[in-house]
Each structure stands twice: as C-alpha cells, then as structure tokens.
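Enquirer: Return atomic coordinates for the entry below.
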Amino acid sequence: SKVDGSVSGANFITVTVLCILLMAADFWTVKNVTGRLLVGLRWWCQVEPDGTNKWLFESAETTNVNKFDNFIFWSVLYGTPALWSALFLLGVIKFNLGWLITVCLAIALSGANLYGFYKCSSSQKAKFQALVDQGTSMGAVYLLKSGVLNLMGKGAMAQAQANANAAQAPASSFV
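Expert: You can find the predicted model right below:
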C-alpha cells in the first residue's frame with residue numbers, strides 16, 4: 001500500500017471509471033432536470049434527416065424563477081469549469097498526467113453545460129456583456145487615475161523630441 005495518497009493500477013482504473021460515470025450522471029442531471037426546473041432553460045442536439053446536427057436552445061416563456069435558485073444554479077454552473085481548470089493546472093504542475101484524462105473530460109462536460117445554458121439565457125448574455133463593459137470602464141478609469149496614460153504620452157513625447165533633435169544635429173563623420 002502506498003503512503004503518499006496516490007492511486008495506481010487497478011485502483012486507478014476503478015476510481016477513474018467511477019469518476020467518469022458520476023460526471024456523466026451530473027452532466028445529464030444538470031442538462032435535463034436542474035436547468036429546466038431551476039431556471040427554465042434547456043438545450044439539446046437534434047439529428048436532422050440528412051445527418052447534420054441542429055442545436056436547439058430554449059427558455060421558458062413564463063418563468064417563476066426563485067432568485068436564490070437562480071443564483072445557486074449560475075454560480076455552480078460557472079464555478080464547476082473553473083474548479084476543474086484549477087485541478088487541470090495542478091495536475092500539470094505536479095506532472096500527474098494520469099488524472100488529466102478525467103479532468104479534461106470533466107472540463108468538457110461542465111463547459112458544454114455552461115455553453116448550452118449560456119446560449120439559452122438572454123439574461124446571462126446581458127449580464128456577461130455588462131460585466132465585460134464594467135471591467136473595461138474600470139480598467140480605463142484605473143489607467144487614467146494611475147497616470148499610466150500620461151506616462152505613456154510623456155514617453156512618446158520624449159521619444160519624438162529625441163528623434164527631432166537627432167534629425168537636427170549635424171551628422172558627424174567618423175574618420
């Protein structure tokens with residue numbers, strides 16, 4: 001038995017298969033039950049007669065969504081891929097490549113749910129755009145307040161002045 005807490009051999013395979021089955025059950029439950037009941041959203045892929053895939057995204061016309069349920073749903077939906085991504089980085093740093101298969105599958109499944117529900121929800125698109133706009137304006141205000149733009153402007157002015165002085169100076173011959 002190993003003391004360092006790692007899993008190897010048959011135990012590794014058992015744990016990996018169990019994790020994959022649990023992740024698949026979580027994916028299905030979130031996609032088909034939780035999203036529909038908590039926030040009134042659902043998405044799926046429909047195979048057309050010609051063999052092409054058609055992605056369908058729906059939101060309920062009348063939603064009596066509890067704000068707390070809505071907050072928990074979206075927090076967990078955004079947090080899960082972030083957590084799996086952190087575990088991916090940890091696996092890369094620790095060079096634990098065996099677990100990266102499980103982690104990559106988890107990122108793919110949680111990312112697919114996030115993308116699907118994001119495409120369904122016009123309010124999430126609006127909130128995300130507002131967050132991006134707010135971040136952009138906060139960044140611009142920070143740059144203005146910190147004087148970074150002034151420094152950049154002064155640096156550019158100093159460089160232009162140096163270039164002008166160099167152009168006016170007589171060319172010296174090196175003999």
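Enquirer: Quick one: distance of the lengthiest helix in the chain to the chain centre.
Expert: Counting by DSSP state H, the longest helix found in the chain is helix 67-93. On the basis of CA atoms, centre = their mean, to the nearest Å, helix 67-93 sits 9 Å off its chain's mean C-alpha point.
Enquirer: After it, which helix or strand is next?
Expert: helix 97-120 (DSSP states H and E).
Enquirer: Pull up the distance across stretch 93-102, start to finish.
Expert: For stretch 93-102, the first-to-last residue distance is 16 Å (CA to CA, to the nearest Å).
Enquirer: which stretches of this protein have low pLDDT?
Expert: Per-residue confidence for the chain (pLDDT under 70) gives these ranges: 1-8, 62-64, 123-128, 131, 147-175.
Enquirer: Which other helices and strands does the longest helix of the chain contact?
Expert: Applying 3 or more CB pairs under 8 Å, 6 or more residues apart in numbering; DSSP states H and E, one finds that helix 67-93 contacts helix 97-120. All C-beta spots, glycine's among them, are computed from the backbone N, C-alpha and C.
Enquirer: helices or strands up against the helix it packs on?
Expert: The contact analysis (3+ CB pairs under 8 Å, 6+ apart) places helix 97-120 against helix 9-29, strand 41-47, strand 53-59, helix 67-93, helix 122-146.
Enquirer: need the ones you listed in TSV with mean neighbour count and distance to residue 107, can you?
Expert: Output for the helices and strands packed on helix 97-120, formatted as TSV (neighbours: other CB atoms under 10 Å; distance: least, CB to CB, whole Å):
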stretch	mean neighbour count	distance to residue 107
helix 9-29	13	10
strand 41-47	15	18
strand 53-59	12	20
helix 67-93	14	5
helix 122-146	11	19
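Enquirer: Nearest to residue 110, out of those?
Expert: Nearest of these to residue 110, taken as CB to CB: helix 67-93 at 4.2 Å.
Enquirer: Could I get the helices and strands packed on helix 97-120 in CSV, plus columns for distance to residue 108?
Expert: Converted to CSV, the helices and strands packed on helix 97-120 look like this (distance: least, CB to CB, whole Å):
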stretch, distance to residue 108
helix 9-29, 9
strand 41-47, 15
strand 53-59, 16
helix 67-93, 9
helix 122-146, 20
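Enquirer: Out of these, flag the one nearest residue 114.
Expert: The nearest among these, by CB to CB, is helix 67-93 at 5.5 Å.
Enquirer: So which of the helices and strands packed on helix 97-120 is nearest residue 106?
Expert: The stretch from the helices and strands packed on helix 97-120 with the least distance to residue 106 (CB to CB) is helix 67-93; that distance is 4.5 Å.
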